[in-house]
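Enquirer: one predicted model, sequence on top.
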There are 4 protein chains.
Amino acid sequence: MALAMGREALNEFLGRSFPQIAGQVRVETVDEDLLTARLVVDDRHLRPGGTVSGPSMFALADVAIYLAILARIGEVALAVTTNASVDFMRKPEAGRDLLAECRILKLGRLLAVGEVLIRAQGGQDPVARCSMTYAIPPKR
Amino acid sequence: MALAMGREALNEFLGRSFPQIAGQVRVETVDEDLLTARLVVDDRHLRPGGTVSGPSMFALADVAIYLAILARIGEVALAVTTNASVDFMRKPEAGRDLLAECRILKLGRLLAVGEVLIRAQGGQDPVARCSMTYAIPPKR
Amino acid sequence: MALAMGREALNEFLGRSFPQIAGQVRVETVDEDLLTARLVVDDRHLRPGGTVSGPSMFALADVAIYLAILARIGEVALAVTTNASVDFMRKPEAGRDLLAECRILKLGRLLAVGEVLIRAQGGQDPVARCSMTYAIPPKR
Amino acid sequence: MALAMGREALNEFLGRSFPQIAGQVRVETVDEDLLTARLVVDDRHLRPGGTVSGPSMFALADVAIYLAILARIGEVALAVTTNASVDFMRKPEAGRDLLAECRILKLGRLLAVGEVLIRAQGGQDPVARCSMTYAIPPKR
């Protein structure tokens, strides 16, 4: 399956459509199997103790899966998350960016399912796992 | 079960320990059965089209369940979310605060489970449903 | 919203379409807000120690939500579960039937979301909580 | 990490402790990274249309993750599932066994998290994805 959007097109879309998070998240690599995205961690993402907050990890997973879907079907700005499940497994070390690896498990006509493993940069063990379902608007 | 912390104590704790969200979320009511919290919606929470973003609703549910646990067991700043599942069911109307109703379904020695229904102010149908598990540190 | 199917019609449908579980699960009550279903516990549902197994509780929740959807939209035998999340919170006591309380939180054109609380008969605290999404076939 | 139990020990444990499903599920392979388990599909697992039921897939995922944990920590018959999330993505073709690939993402002192992809034998695309959390009894 050829990609409809590559790394630069996805980052440009992110900057244009989601200015609030565009400076915080960027796509690092994308191919037919895998999209990787980085959360550039700063004070806004931290909780007491210096660890990255759960909602920040949720936001990273959400945008990574959204962009991985767009990479395959092109700009569909109205796809919406209908369901998410997250396991927070370890506390990420302070002072490190987070890297999300995203795979699309299903790309149906109406529903897409993706999953994400999040690691702290330089770390081996995943800090969080997330799967989400997106509803895709009928006409595309 | 008598409450360990009331509304004012919870809001004071929120302001002290979570300054990044303290201006955005506040506890409205709390008793033995139910905690309600409000997300004061502003531009930071919005997505294209004026709807509140998924991560903003996740953050509201997360803090509501955390505070509902603290209301029962007192300040345990190190309780951590281990698992979350969310159903996003309707788009909240733009320009309205969100209200979260939180109930604690289990308060064990090590794990607590809470669930939240989120509605837009003045709306009947829930816009999102969320359940989360928190791990409670051994000594309390 | 008037119901499309009442208790007897739902139990008759269950016996006809799902003979494998028809003897184990039955609808006790149904109205616009709430459907209650009973799992008649026997040896097939038990794990070592005499507790009801997780898959048996999953099956109870699945059929309860399915029937609560049919109660509203009529026989749609091809509706399928697309997503489920379950919290197992307490071990049900041995030798008691399980009762599922099911509410439909969303009934959209394509997707329906329901949630279930499961209690052991005579018990107060819920033993499990479950939410599921069903995809509804386009033409109905 | 050396395994505490290999394939034969796991299948022997299954037959001894879970006689109700022992004839239906068996471990095919196990190593440090991956456990694969097979559901030998028969009429008990089928829904109208000949597809394998959701609860049967849930049961397969549940036992696969449980056994993958035991493979690492040895017989702990009282580990219990506390949480599960499942995405049902495609209907498995009738008349084929299901194969579950299970990986343990976290093996903590108190909580373990595993995930499973389920495929129909001979199929490429996953039919379901599941993640579960197990609570491990304190003394082991």
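Expert: Here it is on my side, so go on.
Enquirer: list the buried residues in the lengthiest helix in chain A.
Expert: In chain A, assigned by DSSP state H, the helix with the most residues is helix A:54-73. By 16 or more other C-beta atoms under 10 Å in any protein chain shown, the buried positions in helix A:54-73 come out as A:54-72. Placement of C-beta: from N, CA and C, glycine included.
Enquirer: mind jotting down where the strands sit in chain A?
Expert: Remark: strands assigned in chain A by DSSP state E are A:25-30, A:35-39, A:80-88, A:98-107, A:111-120, A:128-135.
Enquirer: would you agree A:Ala68 is in contact with A:Glu101?
Expert: No: taking contacts as C-beta atoms under 8 Å, A:Ala68 lies outside contact range of A:Glu101: 10.0 Å.
Enquirer: before we move on, back to that, need the mean per-residue confidence for the longest helix of chain A.
Expert: Taken as a whole, helix A:54-73 carries a mean pLDDT of 96.
Enquirer: taking strand A:128-135 as reference, get the angle to it.
Expert: Helix A:54-73 runs at 50 degrees relative to strand A:128-135, counting by axes from the mean of the first three to the mean of the last three C-alpha atoms, to 10 degrees.
Enquirer: alpha carbons of helix A:54-73, in PDB - could you do that?
Expert: Output of helix A:54-73 as PDB, limited to C-alpha atoms (Å, rounded to 0.1, in the frame of the first residue of the first chain):
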ATOM      1  CA  GLY A  54      -0.900  10.400  31.700                       C
ATOM      2  CA  PRO A  55      -2.900  12.900  29.600                       C
ATOM      3  CA  SER A  56       0.300  14.000  27.800                       C
ATOM      4  CA  MET A  57       0.900  10.300  26.900                       C
ATOM      5  CA  PHE A  58      -2.700   9.900  25.900                       C
ATOM      6  CA  ALA A  59      -2.400  13.000  23.600                       C
ATOM      7  CA  LEU A  60       0.800  11.600  22.000                       C
ATOM      8  CA  ALA A  61      -0.900   8.300  21.300                       C
ATOM      9  CA  ASP A  62      -4.000  10.000  19.900                       C
ATOM     10  CA  VAL A  63      -2.100  12.100  17.500                       C
ATOM     11  CA  ALA A  64       0.200   9.300  16.400                       C
ATOM     12  CA  ILE A  65      -2.700   7.000  15.500                       C
ATOM     13  CA  TYR A  66      -4.600   9.800  13.800                       C
ATOM     14  CA  LEU A  67      -1.500  10.700  11.600                       C
ATOM     15  CA  ALA A  68      -0.800   7.000  10.900                       C
ATOM     16  CA  ILE A  69      -4.400   6.700   9.500                       C
ATOM     17  CA  LEU A  70      -4.000   9.900   7.500                       C
ATOM     18  CA  ALA A  71      -0.700   8.600   6.100                       C
ATOM     19  CA  ARG A  72      -2.800   5.900   4.400                       C
ATOM     20  CA  ILE A  73      -6.000   7.600   3.400                       C
END
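Enquirer: tell me how far the nearest residue to A:Leu105 once chain neighbours are set aside lies from A:Leu107.
Expert: Leaving aside its chain neighbours, A:Leu105 sits nearest to A:Val113 (4.8 Å; criterion: C-beta to C-beta, 6 or more residues apart in numbering or on different chains). Applying C-beta to C-beta, to the nearest Å, the value for A:Val113 to A:Leu107 is 8 Å.
Enquirer: I'd like to know how far A:Leu10 sits from A:Ala71.
Expert: 6 Å.
Enquirer: shared neighbours of those two, which are they?
Expert: By C-beta atoms under 8 Å, 6 or more residues apart in numbering or on different chains, A:Leu10 and A:Ala71 have these common neighbours: A:Val30.
Enquirer: buried residues in stretch A:14-28?
Expert: So, applying 16+ other C-beta under 10 Å, buried residues of stretch A:14-28: A:Leu14, A:Phe18, A:Ile21, A:Ala22, A:Gln24, A:Val25, A:Arg26, A:Val27.
Enquirer: from these, which are also near chain B?
Expert: A:Phe18 (C-beta under 8 Å from any C-beta of the partner chain).
Enquirer: identify, from the buried residues of stretch A:14-28, the entry nearest to A:Ala79.
Expert: A:Phe18 (12.9 Å; C-beta to C-beta).
Enquirer: can you check the pLDDT for the residue nearest to A:Leu105?
Expert: For A:Val113, the predicted pLDDT is 98.
Enquirer: that one contacts A:Cys130, correct?
Expert: No: using C-beta under 8 Å, A:Val113 makes no contact with A:Cys130, being 11.4 Å away.
Enquirer: shared neighbours of A:Ala68 and A:Glu101, anything?
Expert: A:Leu35.
Enquirer: and chain A, which residues reach chain B?
Expert: So far as C-beta under 8 Å from any C-beta goes, chain A lies against chain B at A:17-18, A:20, A:43-44, A:46-49, A:53-56, A:58-59, A:62, A:77-78, A:80-89, A:91.
Enquirer: go again using 7 Å as the cut-off
Expert: A:17, A:20, A:44, A:48, A:54-55, A:58-59, A:62, A:77, A:80-88 (C-beta under 7 Å from any C-beta of the partner chain).
Enquirer: which residues touch A:Asn11?
Expert: A:Asn11 makes contact with A:Arg26, A:Val27 under the criterion C-beta atoms under 7 Å, 6 or more residues apart in numbering or on different chains.
Enquirer: and it, how far is that from A:Ser17?
Expert: 11 Å.
Enquirer: in chain A, which residue is closest to the centre?
Expert: A:Ala64 (1.7 Å; C-alpha atoms, centre = their mean).
Enquirer: excluding chain neighbours, give the residue nearest to the residue of chain A found nearest chain C in space.
Expert: Here the residue of chain A nearest chain C is A:Asn83; by C-beta to the nearest C-beta that distance is 5.0 Å. Spatial nearest neighbour of A:Asn83, chain neighbours left out: A:Thr133 (4.3 Å); criterion: C-beta to C-beta, 6+ apart.
Enquirer: count of residues packed around that neighbour?
Expert: Counted with other C-beta atoms under 10 Å in any protein chain shown, residues neighbouring A:Thr133 total 25.
Enquirer: and it, what are its bridge partners?
Expert: A:Asn83, A:Val113 (DSSP bridges).
Enquirer: can you give me the offset of stretch A:114-128 from its chain's centre?
Expert: On the basis of C-alpha atoms, centre = their mean, to the nearest Å, stretch A:114-128 sits 12 Å off its chain's mean C-alpha point.
Enquirer: now do A:Glu12 against B:Val27, distance only.
Expert: A:Glu12 is 41 Å from B:Val27, by C-beta to C-beta.
Enquirer: any idea of the mean pLDDT for stretch A:129-139?
Expert: On average, stretch A:129-139 scores 90.
Enquirer: and that stretch, what's buried?
Expert: Those buried within stretch A:129-139 under the rule 16+ other C-beta under 10 Å are A:Arg129, A:Cys130, A:Ser131, A:Met132, A:Thr133, A:Tyr134, A:Ala135, A:Ile136.
Enquirer: if I look at the nearest residue to the third one once chain neighbours are set aside, how far off is chain B?
Expert: Excluding the flanking residues, the one nearest A:Ser131 by C-beta to C-beta, 6+ apart is A:Glu115, at 4.3 Å. As defined by C-beta to the nearest C-beta, to the nearest Å, A:Glu115 lies at a distance of 14 Å from chain B.
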